[in-house]
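Participant: Quick one, what's the 3D model for this:
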Amino acid sequence: MSENITPYKDSDLGKKEQVAQMFDNISENYDGLNRMISFGIDVKWRKKVVAIVKNGNPETILDIATGTGDLAINFAKNTKATSITGLDISEGMLNVGKEKIAKEGLSDKIEMVLGDSENLPFKDNTFDAISVAFGVRNFENLKVGLAEILRVLKPGGTFIVLETSLPSKSPYKEFYNFHSKTVMPLMGKLFSKEGSAYTYLSESASKFPYGATFNNILKEIGFIDVENKPQTFGVATIYTATK
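Facilitator: Take a look at the predicted model:
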């Protein structure tokens with residue numbers, strides 16, 4: 001299980017509250033910094049996620065930790081889904097997302113919901129597909145969040161996770177460590193005045209139980225047909241599972 005790392009070491013708030021506050025603070029700069037820090041490769045990863053989900057022809061999709069709605073917008077444009085819900089714990093991120101969705105003319109297709117991934121405000125067996133991109137490591141209780149996802153996913157539905165992982169081969173491992181531990185926090189300080197956020201993102205990524213370990217957690221929760229597909233020399237992984 002991942003360590004319960006929090007964004008603010010000197011805060012009395014719990015992890016959920018700290019994560020919400022952190023993303024509220026960086027919401028206005030998040031998209032630009034995200035593209036810069038990932039060299040734009042995250043766009044390619046999200047396209048792969050959309051392609052996998054599209055193969056299942058879902059009508060209803062839930063995107064958890066939707067942030068500013070990038071993945072939800074991609075689903076709306078590239079699948080035949082009639083209902084897409086983006087859920088996030090940060091109101092600031094959702095507000096930025098709502099503006100983007102309105103500009104794309106997709107407000108009638110995408111609903112943005114303020115909510116907790118570990119207490120989803122939906123009935124059992126609601127969604128054909130559920131995605132989480134760079135969000136499961138922010139769960140305060142990983143197993144509780146995954147169990148909630150299993151609950152609201154329809155039998156036979158697709159669950160897909162895009163998350164950072166650690167490269168095992170040189171020189172990718174060394175480059176990743178330098179980039180995540182030095183470059184990310186520095187860029188956060190320079191461009192968002194919220195360096196602690198990017199230090200947290202780096203630390204939480206390094207402690208996340210990726211690969212076979214995360215596969216085993218998914219199976220323990222009750223997911224079946226669990227697979228993981230490393231991306232870009234192992235700096236990220238796409239996990240797929242069904243109910």
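
Participant: And the one helix or strand residue 226 maps to, how far out from the chain middle?
Facilitator: Under the criterion of DSSP states H and E, residue 226 resides in strand 224-231. Relative to its chain's centre, strand 224-231 lies at 16 Å (CA atoms, centre = their mean, to the nearest Å).

Participant: who's in contact with it?
Facilitator: Residues from elsewhere that reach strand 224-231 (CB atoms under 8 Å, 6 or more residues apart in numbering): 45, 48, 165, 210-212, 214-215, 218-219, 236-243. Placement of C-beta: from N, CA and C, glycine included.

Participant: Same question for stretch 48-63.
Facilitator: The set of residues external to stretch 48-63 that reach it, using CB under 8 Å, 6+ apart, is 69, 71-72, 74-75, 78-87, 122, 126-133, 152, 157-158, 160, 162, 231, 238, 240.

Participant: Next SSE downstream of the strand holding residue 226?
Facilitator: Using DSSP H and E, the helix or strand that follows strand 224-231 in sequence is strand 236-242.

Participant: Show the residue spans covered by the helices in the chain.
Facilitator: In the chain, the helices defined using DSSP state H lie at 15-26, 30-37, 41-54, 70-78, 91-103, 142-152, 172-178, 184-192, 195-207, 212-221.

Participant: Compile those into a markdown table and extend it with columns for distance to residue 5, mean neighbour count and mean pLDDT.
Facilitator: Below are the helices of the chain laid out as a markdown table (distance: least, CB to CB, whole Å; neighbours: other CB atoms under 10 Å; pLDDT from 0 to 100):
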| stretch | distance to residue 5 | mean neighbour count | mean pLDDT |
| --- | --- | --- | --- |
| helix 15-26 | 8 | 20 | 88 |
| helix 30-37 | 18 | 17 | 75 |
| helix 41-54 | 21 | 17 | 94 |
| helix 70-78 | 24 | 22 | 97 |
| helix 91-103 | 19 | 18 | 97 |
| helix 142-152 | 12 | 19 | 97 |
| helix 172-178 | 17 | 14 | 67 |
| helix 184-192 | 14 | 17 | 64 |
| helix 195-207 | 5 | 21 | 74 |
| helix 212-221 | 16 | 16 | 97 |
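
Participant: Kindly reformat those helices as a markdown table containing distance to residue 111.
Facilitator: Below are the helices of the chain laid out as a markdown table (distance: least, CB to CB, whole Å):
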| stretch | distance to residue 111 |
| --- | --- |
| helix 15-26 | 19 |
| helix 30-37 | 20 |
| helix 41-54 | 17 |
| helix 70-78 | 9 |
| helix 91-103 | 9 |
| helix 142-152 | 15 |
| helix 172-178 | 36 |
| helix 184-192 | 28 |
| helix 195-207 | 27 |
| helix 212-221 | 26 |
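
Participant: how about the CA coordinates for the strand holding residue 226, as CSV?
Facilitator: What follows is strand 224-231 as a C-alpha-only set of coordinates in CSV (Å, rounded to 0.1, in the frame of the first residue of the first chain):
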residue,chain,number,x,y,z
ILE,A,224,-11.1,-9.1,-13.0
ASP,A,225,-9.1,-9.2,-16.3
VAL,A,226,-6.5,-6.9,-14.8
GLU,A,227,-3.7,-5.8,-17.1
ASN,A,228,-1.0,-3.1,-17.0
LYS,A,229,0.7,-1.5,-20.0
PRO,A,230,3.9,0.6,-19.3
GLN,A,231,4.2,3.8,-21.4
